[in-house]
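Enquirer: 3D model of this:
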Amino acid sequence: MSATLRLAEQLISRPSVTPADEGCMDILMERLRPLGFDCEVIESGPSDFRVRNLWARRRHTATGRPDAAAKTLAFAGHTDVVPTGPLDQWRSNPFVPTHRDGKLYGRGASDMKTSLAAMVVAVEEFLAAQPDTALDIAFLLTSDEEGPAVDGTVVVCEALRQRGETPDFCIVGEPTSVERTGDMIKNGRRGTMSGKLTVKGVQGHIAYPHLAKNPIHLVAPALAELIAVRWDAGNAFFPPTTWQVSNIHGGTGASNVIPGHVVIDFNFRFSTESTPEGLQERLEAVLQGHALDYELAWTVGGLPFLTTPGTLVAAVQQAIRAETGLETQLSTTGGTSDGRFIAQICPQVIEFGPPNATIHKIDEHLAVADIEPLKNIYRRVLENLGAELSV
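Expert: Okay, the predicted model is just below:
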């Protein structure tokens, strides 16, 4: 059994359903401290929803280089996992790592405890070969990525920003690959913004509509117009911004009552071509154009970020090519990740991890054959960045 697989199994064995860490970070700190990492645990959140975060950093030992010239690569990820769902539907205990048909089964196998294990072992191997590297290395870990994400990475990023200890490069270990480890990396993500729209009418008897105002009827033309809006055209890295309704709630439950209000939940997934403020203004202009009596509450879940091809992207592409022979695809598709927070303090952020076909599913698993290549790619990235800094 490889060191990476052994460590991944240790982590999977901990039932760290969000926001619990269940000792995962302790396991990782036991590996990092002997390598020279200073480990800082940052806790946040209410007592009944306590989140554990870790900022661990190893500063370079190369002589003759001022600290101002040092560059830091941070590996980022989360120790928490989503709930298992019905246990009787799993073929094996989700928190007992199990092997079947060349696959490792367990909650977190893909998302993302194997990535964490691969990162740590990659750093161990890299430092064993290059203990005097000019590269600073850090880990930014949280137990609040799969939950509300308000007491996790965003808290650490703000603390780092305030004390001027921000990384130059970051790899987030999210499962980004499709068929084989390395076939896709995320060099950005779309922003997400949700709205809760309440349109007011006048409740009344359905047989006397002239004595009432049906808010569902009133808002319907506005919805039709919003559905047809082209918010932007996207760009070379992002598809066009989309707007989607997720829920409509109206009525008393009775079939003979015109409702007094209707509540509509919607979401924007937006590119770097749009801003939250611009999208809000355009949407409200449509509502006002239909003379609606409404209330609207906005929630910006994350801003879009983009890392254009440069030092980090090239280092990852070269590492993947050398290890697998694949020409990786750059992508900004999918949902949000903690990369949206890290990108606010770090100029180059990419997400890269194993295949994601079974994440959040019953019987989550990962091909064992994908594990060592993942670790080797992380190590090769360290080698590539370290070599560039030593020039």
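Enquirer: measure residue 7 to residue 373 for me?
Expert: Separation of residue 7 from residue 373 (CB to CB, to the nearest Å): 16 Å. (Glycine included, C-beta is placed from N, CA and C.)
Enquirer: kindly report the same for residue 312.
Expert: Taken as CB to CB, the span from residue 312 to residue 373 is 19 Å.
Enquirer: comparing those two, which residue is more hemmed in?
Expert: residue 312 (23 against 19; other CB atoms under 10 Å).
Enquirer: so which strand or helix has that one?
Expert: helix 311-324 (DSSP states H and E).
Enquirer: which residue packs closest to the residue most central in space within the chain, ignoring adjacent ones?
Expert: For the chain, the residue nearest the mean C-alpha position is residue 337 (1.3 Å; CA atoms, centre = their mean). Excluding the flanking residues, the one nearest residue 337 by CB to CB, 6 or more residues apart in numbering is residue 174, at 5.1 Å.
Enquirer: still on that earlier bit, show me what the helix holding residue 312 is packed against.
Expert: On a contact count with 3 or more CB pairs under 8 Å, 6 or more residues apart in numbering; DSSP states H and E, helix 311-324 meets strand 169-172, strand 184-186, strand 348-351, helix 371-390.
Enquirer: which residue ranges of the stretch 1-150 of the chain form strands?
Expert: 38-44, 51-58, 71-78, 98-100, 103-105, 135-142 (DSSP state E, counting those that start in this stretch).
Enquirer: partner strands of the fourth one, with direction?
Expert: Each strand that strand 98-100 pairs with, and the sense of that pairing, follows from DSSP bridges: strand 103-105 (antiparallel).
Enquirer: got the domain boundaries for this protein?
Expert: Using automatic domain parsing, the domain parsing of the chain gives 3-189+304-390, 191-302.
Enquirer: among these, which is the most enclosed?
Expert: Of all the domains of the chain, domain 3-189+304-390 carries the top mean neighbour count, a mean of 20, counting by mean count of other CB atoms under 10 Å.
Enquirer: what average pLDDT does that one get?
Expert: The average pLDDT within domain 3-189+304-390 is 95.
Enquirer: end to end on it, go ahead and measure it.
Expert: 29 Å (CA to CA, to the nearest Å).
Enquirer: ok, stretch 259-277 next?
Expert: End-to-end for stretch 259-277, by CA to CA: 31 Å.
Enquirer: for the record, mean pLDDT for it?
Expert: Mean predicted confidence for stretch 259-277 is 97.
Enquirer: any idea which of the strands of the stretch 1-150 of the chain gets closest to residue 320?
Expert: Relative to residue 320, the nearest member of the strands of the stretch 1-150 of the chain by CB to CB is strand 71-78, separated by 16.1 Å.
Enquirer: what pairs with the closest one, parallel or antiparallel?
Expert: strand 135-142 (parallel), strand 169-172 (parallel).
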